[in-house]
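J.: would you be able to build a 3D model of this:
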Amino acid sequence: MTTSILAALLMACVVRGNADVAQGDTTVVLQGVTVSGQRQRDFQMRTSQTAVQVSRDYLQEHFSGSLMQALEGIPGVKAMAIGSGQSKPVIRGLGFNRLAVAEDGIKHEGQQWGDDHGLEIDQFAIDRAEVIKGPAALLYGSDAIGGVLSLYTNHVPTQPFGGSVQLFGRSNNEQVGLSAKIGGRKGRFFYRANATLIDYADFRVPTDSIQYYSYWIKLNDQRLRNTAGSERDGSVMMGYAGYNFHTDVRVSDSYSKSGFFANAHGLEVRLSDIDYDHSRRDIDLPYQWVNHLKVLSHTTWRTDDLSAELNLAYQNNVREERSEPVSHGYMPKPDGPLERRFGKSTYTASLSLRHELGHHTLQGGLCGEYQHNRRDGWGFIIPDFEAASMGGYVMDRYALRDNLILNAGVRLDHARTRIHSYHDWYTTPVDGTPVYQQRSTRQSRHFSSLTWSAGVNYNLGQWVMKANVGKSFRVPIPKELGADGINYHIFRYERGNAQLDPEESYQLDASANWADDTWEVEVEPYLNYFPNYIYLSPTAQYVEGLQLYHYTQARVVRYGLEAQATGHLSEHWQAHLQGEYLYARQQSGEKKGYTLPFSTPWSADAGVKYLFERKGEGFIGLNVHIVGQQDEIVPPEKPTDGYWTLNLSAGKTFSLKGGTALNVAMRADNLLDRRYYDHTSYYRLIDVPEPGRNVALKVEIEF
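T.: Numbers count the residues shown, from 1 in each chain. Sure, this is the predicted structure:
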């Protein structure tokens, strides 16, 4: 047994979340947050990619209900909302398996292909985050074709004992929550522990009714029935931090349970005996629960010019969807409520070396990953599968001068995916003969790819300029290869394509940053070309009463621009303006000449902030968020009107006796309770607007 586990670990893959950034650097490169000018310049010169560092203070200040909603203030970063309690990250219009999420250097592996559940990560355990916008496959592998979100929870305590307790809530969905954290250090040994409890009710939208296909659905108290939920998170870390040697082990578990909007999941309300309006906090059928267990080990050894890092991890993700058993088409009424169950185990490991040699910083590494996924239940969407991948990379960072740095690297990957066949558990008449219809065929696919990247950093006085060009790739996931079933939660029938090729991407990124004592301005253009972009294409066909979407490939050109300006107008006043624009066009295939489904429209933000004290320990800010009309669509998609919202935020830190601090933060979104639709939200398809006015309040005691 031990031998097999070690062998699996050696075959496993992990991303290096700190490849080009020193772990101790917590500089924030964001509007509205205090920036240390020289440290910001140092960070900008470490990588030629467009990267942003986010501190814990920023995450606390922008608390909005989920981790990704807190990060939406970064240009190019969006949160794909899933109800009111969870969301998924999107960078420059790319998400799901095109975006790698890493926690303490370990790539987070759940059922990330799903549109209906968020990240299984405790946002209150995170100390800081880093966002890489654009392909990063050289260091992070297949899923980093659109960007990387690196999260860090491994800050080493400096005191014998300390911690914090947070109480928080939101008005729109009546959320209440508690999070507690403790940690300490004795000599070179340290420990940390964190626990979070969250409970929320059905969320409210500014409308009394919606239209789902030809049905008009009345809402009770403007709330979406059965969208309540809860979350329970916990983690423990122990480690040793010496001068040359560091090692830690962390065990975390994240559990969430949330209801599906009952009026949309097969129109259960018309057929069910459940009283969905009995309570706003009930979680009735249909609902889902997700549990993610993660065990990870991080070890580093370093001298003045040489360092080595080893990461090992095991992750187990279990997700169930439960619904009232009803017959669909030729399927008879099932015996129980288990519609779908997915159980995924992932073993990961990586080893990397870094060597300082004169003006060169040489870096190389090996990594691998093994996944085992099994399904259950009377509903089908993806087949059972196993997947394994191995990769290695080398790169060089060469400092021609203190203000001019070149970097280049190359990576080789090989992946294998085995998909199992699947037949319905019930018969379907075909030409008068009952047969067990096949939904998925047995497949064994092998993929190899050579990727590369090169860039330059140049610092000239008040200017920092960067450019990076590279090739990335992404292995088609089992859902894209073998899906064939109804996805009720996003109201469509999905069909895979066993002939898909690996997705490739060529991208050019650039940025120019100018700053003086008063203003900071940054512009980030990019160009992206996909020879074979994989996406779900909407059709005019309907299968089992739902619109058919099928996976296809096309040549796609994407380009865009992000820009922001921050001004420190006086000792107490700050102002910021930022915006982003994305263009996408298919160059081949059945939808040639059109954009991509659910394309992000342009948006802009303008705000002003007043600091109560010179050190910024208290503030109040007002922000206007503007989103343009999206009429660039893929038929039979429909255009979405533009909108704007007014938002307010405030915070204050109070110093108490004994080194204790009291932090209070408040954020109010959509103050005017405007009704609007997000073009990237699948709820738009059934005429559900975005949540109405929402006030979030958080009180924290640090000791």
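J.: where does the stretch 551-700 of the chain dip in pLDDT?
T.: Within the stretch 551-700 of the chain, the segments meeting pLDDT under 70 span 614-616.
J.: Pro597 and Val634 touch, don't they?
T.: Yes: look at Pro597 against Val634 with CB atoms under 8 Å: they come within range, at 4.8 Å. For the C-beta atoms, the positions are set from N, CA and C on the backbone; glycine is no exception.
J.: which residues are in contact with each of these two?
T.: Common neighbours of Pro597 and Val634, using CB atoms under 8 Å, 6 or more residues apart in numbering, are 537-538.
J.: and the longest strand for the chain?
T.: Longest strand in the chain by number of residues (criterion: DSSP state E): strand 519-543.
J.: partner strands of it, parallel or antiparallel?
T.: strand 503-515 (antiparallel), strand 546-568 (antiparallel) (DSSP bridges).
J.: strands of the stretch 101-250 of the chain, start to end?
T.: Using DSSP state E, counting those that start in this stretch, the strands of the stretch 101-250 of the chain run over 106-107, 128-133, 147-152, 162-170, 175-186, 189-200, 209-212, 215-218, 229-241, 245-259.
J.: tell me which of those strands lies nearest to Ile686.
T.: Closest to Ile686 of the strands of the stretch 101-250 of the chain is strand 209-212 (CB to CB; 4.5 Å).
J.: could you report the separation of the residue most central in space within the chain from Asp127?
T.: Nearest residue to the geometric centre of the chain (CA atoms, centre = their mean): Pro89, 2.9 Å. Computed as CB to CB, to the nearest Å, the Pro89 to Asp127 distance reads 18 Å.
J.: ok, back up a step: among the strands paired with strand 519-543, which is nearest Leu406?
T.: So among those, strand 503-515 is nearest, using CB to CB, at 15.1 Å.
J.: report the beta-bridge partner residues of Ile620.
T.: Under the criterion used (DSSP bridges), Ile620 bridges to Tyr610, Ala650.
J.: looking at it, it is touching Lys609, isn't it?
T.: Yes: under the criterion of CB under 8 Å, Ile620 makes contact with Lys609 at 7.2 Å.
J.: more neighbours: those two, which one.
T.: Lys609 (22 against 15; other CB atoms under 10 Å).
J.: how about the helices of the stretch 551-700 of the chain, start to end?
T.: Using DSSP state H, counting those that start in this stretch, no helices are found in the stretch 551-700 of the chain.
J.: likewise the stretch 401-550 of the chain?
T.: 478-482.
J.: now the stretch 251-400 of the chain
T.: Using DSSP H, counting those that start in this stretch, helices in the stretch 251-400 of the chain cover 268-271.
J.: give me the below-cutoff pLDDT ranges for it.
T.: Within the stretch 251-400 of the chain, the ranges that satisfy pLDDT under 70 run 266-271.
J.: contact partners for Leu481?
T.: 417, 419, 443, 445, 496-498, 500.
J.: tell me how far the residue in the chain sticking out farthest from the centre lies from His414.
T.: In the chain, the greatest distance from the average C-alpha position (CA atoms, centre = their mean) is reached by Gly432, at 47.6 Å. To His414, Gly432 is 47 Å away according to CB to CB.
J.: then Tyr436?
T.: 35 Å.
J.: which of these two has more neighbours?
T.: Neighbour totals were compared for Tyr436 and His414, and His414 leads with 15 against 12 (other CB under 10 Å).
J.: bridged to that one, which residues?
T.: Met390, Ser448.
J.: one step back: any chance of the strands of the stretch 101-250 of the chain in JSON lines, plus mean neighbour count and distance to Arg319?
T.: Output for the strands of the stretch 101-250 of the chain, formatted as JSON lines (neighbours: other CB atoms under 10 Å; distance: least, CB to CB, whole Å):
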{"stretch": "strand 106-107", "mean neighbour count": "29", "distance to Arg319": "18"}
{"stretch": "strand 128-133", "mean neighbour count": "23", "distance to Arg319": "24"}
{"stretch": "strand 147-152", "mean neighbour count": "26", "distance to Arg319": "20"}
{"stretch": "strand 162-170", "mean neighbour count": "19", "distance to Arg319": "24"}
{"stretch": "strand 175-186", "mean neighbour count": "17", "distance to Arg319": "22"}
{"stretch": "strand 189-200", "mean neighbour count": "19", "distance to Arg319": "18"}
{"stretch": "strand 209-212", "mean neighbour count": "14", "distance to Arg319": "25"}
{"stretch": "strand 215-218", "mean neighbour count": "12", "distance to Arg319": "27"}
{"stretch": "strand 229-241", "mean neighbour count": "19", "distance to Arg319": "14"}
{"stretch": "strand 245-259", "mean neighbour count": "19", "distance to Arg319": "10"}
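J.: for those strands, give me CSV that also has distance to Val318.
T.: Listed next are the strands of the stretch 101-250 of the chain as CSV, based on distance: least, CB to CB, whole Å:
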stretch, distance to Val318
strand 106-107, 18
strand 128-133, 26
strand 147-152, 21
strand 162-170, 27
strand 175-186, 23
strand 189-200, 19
strand 209-212, 30
strand 215-218, 32
strand 229-241, 14
strand 245-259, 10
